[in-house]
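Student: no sequence on this one, just coordinates:
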């Protein structure tokens, strides 16, 4: 089964610190390839407690969109788990350069466990297992940050991770399934995250077959994102859903999400 499993939907420090929502990242299974994206706090626990259980040794790779702790906290333990404690050298880790240098979030000893580490960069193209992905543009988020476009045999998935809004953002992420981090209910010019209005604009421009909202800050959680998604679906004529902790999306079924 091709699927997207949300091991956490928390965004911003207070929702993460209080664990009002989990922060384990995203598990993607596509064309017999398993990827973990942004293993934040609790990622390993969420894998083991998932129903059905997700075995980290089944992973082919890990993608880290940026070094912030809500995205990277469990990167080292997930590298160990993917490689059976380092006894089975396997898997690829993709990360921005600043996650490996200076004050690195990926520890040097853990790097020896995996087959290789590839540096994410603007306009980068990568392959892992049976899928490919691209990092079309560097996002605006204080640290080096990249959204991703993933392509399988018959599916395309875009993830817009944490970023400030800019004019041509939507044009770089045109997957049939669009996952987008919506931290803020309303815009705050001093915070480099997307707000609901900006995400609405992106969905309206791109009109994906399915849009999935996730990575919610406190005000988004209080505003009941599932109700927001229902309103956007009616307003935009695009199927929009709000991710829940543990929610699994069947990629092969997304084409049914077409609004007449």
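Tutor: All right, it came through fine. Just so it is clear, the structure is predicted and the values come from calculations on it, not from any experiment.
Student: helix or strand for residue 118, which one?
Tutor: Take DSSP states H and E as the rule and residue 118 turns out to sit in strand 116-120.
Student: against which helices or strands is that strand packed?
Tutor: The helices and strands touching strand 116-120, judged by 3 or more Cβ pairs under 8 Å, 6 or more residues apart in numbering; DSSP states H and E, are strand 92-96. Where C-beta positions appear, they are placed from N, C-alpha and C, glycine not excepted.
Student: what's the next secondary structure element after the strand it packs on?
Tutor: Past strand 92-96, the next helix or strand by DSSP H and E is helix 108-111.
Student: check the offset of that next one from the chain's centre.
Tutor: 23 Å (Cα atoms, centre = their mean, to the nearest Å).
Student: output the below-cut-off pLDDT ranges for this structure.
Tutor: Counting by pLDDT under 70, the chain has low-confidence residues at 255-260.
Student: quick one, longest strand in it?
Tutor: In the chain, taking DSSP state E as the definition, the longest strand is strand 23-30.
Student: and the contacts of the strand holding residue 118?
Tutor: For strand 116-120, the external contacting residues (Cβ atoms under 8 Å, 6 or more residues apart in numbering) are 63-65, 92-97, 100, 106, 111, 126, 135, 144, 146.
Student: again with stretch 123-135
Tutor: 30-35, 60-61, 63, 92, 94, 118, 120-122, 136-137, 146-153.
Student: now the buried members of the residues you listed.
Tutor: 30, 33-35, 60-61, 63, 92, 94, 120, 136-137, 146-152 (16 or more other Cβ atoms under 10 Å).
Student: what's the nearest residue to residue 111 if we skip its chain neighbours?
Tutor: In this structure, residue 111 finds its nearest non-sequential neighbour in residue 117, 5.8 Å apart by Cβ to Cβ, 6 or more residues apart in numbering.
Student: again, but for residue 72
Tutor: Of all residues not flanking residue 72 in the chain, residue 105 sits nearest, at 4.5 Å (Cβ to Cβ, 6+ apart).
Student: number of nearby residues for the one you found?
Tutor: Using other Cβ atoms under 10 Å, residue 105 has 20 neighbouring residues.
Student: ranges for the helices of the stretch 101-250 of the chain?
Tutor: 108-111, 196-206, 218-222, 225-236 (DSSP state H, counting those that start in this stretch).
Student: re earlier: what about the strand holding residue 118, distance to the chain center?
Tutor: How far strand 116-120 lies from its chain's middle: 17 Å, per Cα atoms, centre = their mean.
Student: same thing with stretch 151-159?
Tutor: 13 Å.
Student: from here on, call the first residue 656.
Tutor: Yes, from this point I'll number from 656; that puts the last item at stretch 806-814.
Student: what about stretch 729-739, distance to the chain center?
Tutor: Here the centre of stretch 729-739 is set off from its chain's centre by 18 Å, with Cα atoms, centre = their mean.
Student: pull out the buried positions in that stretch.
Tutor: For stretch 729-739, burial by neighbour count (16+ other Cβ under 10 Å) applies to 729-731, 733-738.
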